[in-house]
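Engineer: I would like to see how this sequence folds:
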Amino acid sequence: MKATSATPSTSAPVAHNALPPPSATSNARSSRIAPHSHIKGLGLTSDGLAAPDAAGFIGQTNAREACGVVVDLVKSRKFSGRALLLVGAPGTGKTALALAVSHELGNKVPFCPMVGSEVYSTEVKKTEVLAESFRRAIGLRIKETKEVYEGEVTELTPAESENPLSGYGKTVSHVIVGLKTVKGTKQLRLDPTIYEAILKEKIVVGDVIYVEANTGAVKRVGRSDAYASSYDLESETYVPLPKGDVHKRKELVQDVTLGDLDAANARPQGGQDIMSVMGSLVKSGRTEVTDKLRREVNKVVKGYVDQGVAEVVPGVVFIDEVHMLDIECFTYLNALLESPMAPTVILATNRGNALVRGTTDVVSPHGVPVDLLDRCLIVKTDGYNREQIGKVVQLRANVEGLKLGPGVLERIAEEGERGSMRYALQLLTPASILAGLSKRSQIEVEDIGEMNELFLDAKTSATNIGANGGFDGGKMW
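Structural biologist: Next up, the predicted model:
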């Protein structure tokens, strides 16, 4: 009997659990798209007014303008030790506003985000987690002018003399180093300890180096490109001949945080022997910094600031879900806000009148004690209407590279108004997968309808729960 092979029909329905066909662009590199990838700033004009649709923001005009005022205060360093509280229903853009503030401040201003529940750690105390976040949000910009000798090594000659401690052998008395730049050459007579650093860096003639005049530190920059060869693969790094004079002044700017200084002093480096290395391996990941150490670091920082060597750059601490903090954390937060070195604090919560965590009878607005609320400027975020939800969905579809068919945007906006905007945005990617399984390049209205059959939004799920609050074999109790 002759077997016949049937060609599968391309019009057959595709099961939901079928794998999508491999795309021609599957080998291309794709970047992960985060929930707030479209936020690029607050979208304010030069007058401080919020543009209707700008920098990835739709709506929230009053909240954006209020945050713009706070950004100006932070940049002018007149908002340190104060707090901004963002309040509003879930999904109204509180976290997006905080991220927009960080974009407006730029990379040079420290921005330290955290969630209220992060303080409940088994390794360190709750107050230590808060203090560490505050210290990481205070930057220190160190400006230092150094005298350096920089150039290509043309001569490296150690001079030896008789060892004065014994009649046998010789010792290095000094080293002659010749340096060359584009502008000229110079011969240096250096201390023997610098020769030891040169040997440690494995510096030879033809290397480009610089030597700090104050400390004698030597650093090898690379090999002069005059010695570059025609090999395709090489481990050597070639650099051009330095410009200017051999002896020059360099202004170095380094940005660190007080948290970096605390960590560096709390975990001093041990020796290079095997016991020191093993001891560093078995130590816990986090070390609690004492208040005494922080006071010593503050004293050193104050000395640098008084000398004009450094300047303090107060940053921003963003605490999302602040109602998750307990009464002890709120009390400590008041103390941190009153400290001389305090950053700007942005808090966010979606609670109304709520019990303050850690108490049994203290009910306060937003779950925050009244004494801390009194220190805050409070900004309310508004809900979105159907038109605004549609604009946000279109914006996210553009960011994710999705095509929407006729009527899809209106249908998703309707679902967002009925359920929530987060639910509407979550429908985009599953619907695009369903469209791809059906060999379509764009999302159609029937894809959204099928998504509603497969998934429930939070309001629908809550409605389906029985009066007794449970399910039994698919039937309500």
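Engineer: Which positions within the longest helix anywhere in the chain qualify as buried?
Structural biologist: What stands out as the longest helix in the chain, according to DSSP state H, is helix 291-307. Within helix 291-307, the residues that qualify as buried are 294, 297-298, 301, 304, counting by 16 or more other Cβ atoms under 10 Å. For every residue, glycine as well, the C-beta is placed using N, CA and C.
Engineer: go on, stretch 252-259?
Structural biologist: 257-259.
Engineer: ok, residues contacting stretch 370-377?
Structural biologist: Under the criterion Cβ atoms under 8 Å, 6 or more residues apart in numbering, residues 66, 70, 82-85, 330, 333-334, 337, 347, 364-366, 368 lie in contact with stretch 370-377.
Engineer: dump the residue contacts of the nearest residue to I198 once chain neighbours are set aside.
Structural biologist: Computed as Cβ to Cβ, 6 or more residues apart in numbering, the closest residue to I198 that is not its neighbour in sequence is V218, at 5.7 Å. Listed by Cβ under 8 Å, 6+ apart, the contact partners of V218 are 194, 197-198, 201, 203, 209-212.
Engineer: V218 and E236, how far apart?
Structural biologist: With distances taken as Cβ to Cβ, to the nearest Å, V218 is found 18 Å from E236.
Engineer: can you check R64 too?
Structural biologist: Distance from R64 to E236, by Cβ to Cβ: 52 Å.
Engineer: the more surrounded of those two?
Structural biologist: R64 (27 against 11; other Cβ atoms under 10 Å).
Engineer: can you tell me which residues contact that one?
Structural biologist: 42-44, 50, 57, 97, 100.
Engineer: Which pLDDT does the model give it?
Structural biologist: For R64, the model assigns a pLDDT of 90.
Engineer: buried ones in the helix or strand encompassing it?
Structural biologist: Take DSSP states H and E as the rule and R64 turns out to sit in helix 61-75. Neighbour-count burial for helix 61-75 flags 63-68, 70-71, 73-74 (criterion: 16+ other Cβ under 10 Å).
Engineer: Could you do stretch 110-125 as well?
Structural biologist: Those would be 110-114, 116, 118-119, 124, for stretch 110-125 by 16+ other Cβ under 10 Å.
Engineer: What is the most widely separated pair among the contacts of R64?
Structural biologist: Within the contacts of R64, two members stand farthest from each other by Cβ to Cβ: L44 and L97, at 12.1 Å.
Engineer: More neighbours: those two, which one.
Structural biologist: L97 (26 against 22).
Engineer: Surely the more buried one and A63 touch.
Structural biologist: Yes. Contact criterion Cβ atoms under 8 Å: L97 and A63 qualify, at 6.0 Å.
Engineer: Residues in contact with both of the two, list them for me.
Structural biologist: Joint contacts of L97 and A63 (Cβ under 8 Å, 6+ apart) are 86, 379, 381.
Engineer: If you rank the residues you listed by neighbours, which is first?
Structural biologist: L86 (29 neighbours).
Engineer: OK, contacts around that residue?
Structural biologist: By Cβ under 8 Å, 6+ apart, the neighbours of L86 are 63, 94, 97-98, 346-349, 379, 381.
Engineer: Apply 7 Å and report the result again.
Structural biologist: If you count contacts by Cβ atoms under 7 Å, 6 or more residues apart in numbering, L86 has them with 94, 97, 346-348, 379, 381.
Engineer: Look up the residues forming beta bridges with the nearest residue to E311 once chain neighbours are set aside.
Structural biologist: Closest residue in space to E311, ignoring its immediate chain neighbours: R141 at 5.2 Å, by Cβ to Cβ, 6+ apart. Going by DSSP bridges, R141 is paired in beta bridges with D255, E311.
Engineer: Check the contact between R141 and V312; I expect there is one.
Structural biologist: No. Counting by Cβ atoms under 7 Å, R141 stays clear of V312, with 8.0 Å between them.
Engineer: Could you check which of those two has the larger neighbour count?
Structural biologist: Comparing R141 with V312 by neighbour count (other Cβ under 10 Å), the higher total belongs to V312, at 17 against 14.
Engineer: Would you agree the more buried one is in contact with L140?
Structural biologist: Yes. At 6.1 Å, V312 and L140 qualify as touching, with contact defined as Cβ under 7 Å.
Engineer: Tell me who's in contact with E338.
Structural biologist: G81.
Engineer: Repeat that for I176.
Structural biologist: So, once contact is read as Cβ under 7 Å, 6+ apart, I176 ends up touching 155, 157, 159, 187, 189.
Engineer: List only buried entries from these.
Structural biologist: Buried among those by 16+ other Cβ under 10 Å: none.
Engineer: Just to be sure, which of those are found in strands?
Structural biologist: 155, 157, 159, 187, 189 (DSSP state E).
Engineer: out of the residues you listed, which one sits closest to V408?
Structural biologist: Out of the ones in strands among the contacts of I176, the member with the shortest distance to V408 (by Cβ to Cβ) is E155, at 74.4 Å.
Engineer: which non-adjacent residue is nearest that closest one?
Structural biologist: Leaving aside its chain neighbours, E155 sits nearest to G178 (3.3 Å; criterion: Cβ to Cβ, 6+ apart).
Engineer: name the element the one you found belongs to?
Structural biologist: strand 170-180.
Engineer: same thing with L434?
Structural biologist: Using DSSP H and E, L434 falls in helix 428-437.
Engineer: Give the other helices and strands that the very next helix or strand once past that helix contacts.
Structural biologist: For helix 428-437, the following helix or strand on the C-terminal side (DSSP H and E) is helix 445-454. When contacts are defined as 3 or more Cβ pairs under 7 Å, 6 or more residues apart in numbering; DSSP states H and E, helix 445-454 packs onto helix 408-418, helix 428-437.
Engineer: Next one: F330 relative to R375, how far apart?
Structural biologist: Here the criterion is Cβ to Cβ. By it, F330 lies 11 Å from R375.
Engineer: Have a look at these two and say which one is more surrounded.
Structural biologist: F330 (21 against 15).
Engineer: Leaving out the residues flanking it, which one is nearest to that one?
Structural biologist: P369 (5.0 Å).
Engineer: Over to V124?
Structural biologist: E288 (5.1 Å).
Engineer: All the strands of the stretch 51-200 of the chain, in order from the start?
Structural biologist: Assigned by DSSP state E, counting those that start in this stretch, the strands in the stretch 51-200 of the chain fall at 53-54, 57-58, 83-87, 111-115, 138-162, 170-180, 185-190.
Engineer: Flag whichever of those strands has the least confidence on average.
Structural biologist: When I compare those, strand 53-54 is least confident, with a mean of 80.
Engineer: Now do it: everything it contacts.
Structural biologist: So strand 53-54 is contacted by 43, 391 (Cβ under 7 Å, 6+ apart).
Engineer: how far away is L261 from E128?
Structural biologist: Plainly put, L261 is 16 Å away from E128 if you go by Cβ to Cβ.
Engineer: Repeat that for V297.
Structural biologist: On the measure of Cβ to Cβ, V297 and E128 end up 15 Å apart.
Engineer: give the contact list for the nearest residue to K40 once chain neighbours are set aside.
Structural biologist: Setting aside the residues directly before and after it, K40 is nearest to A55 in space (Cβ to Cβ, 6+ apart), at 4.5 Å. Neighbouring residues of A55 by Cβ under 7 Å, 6+ apart: 40-43, 100.
Engineer: likewise A34?
Structural biologist: A34 touches nothing, counting by Cβ under 7 Å, 6+ apart.
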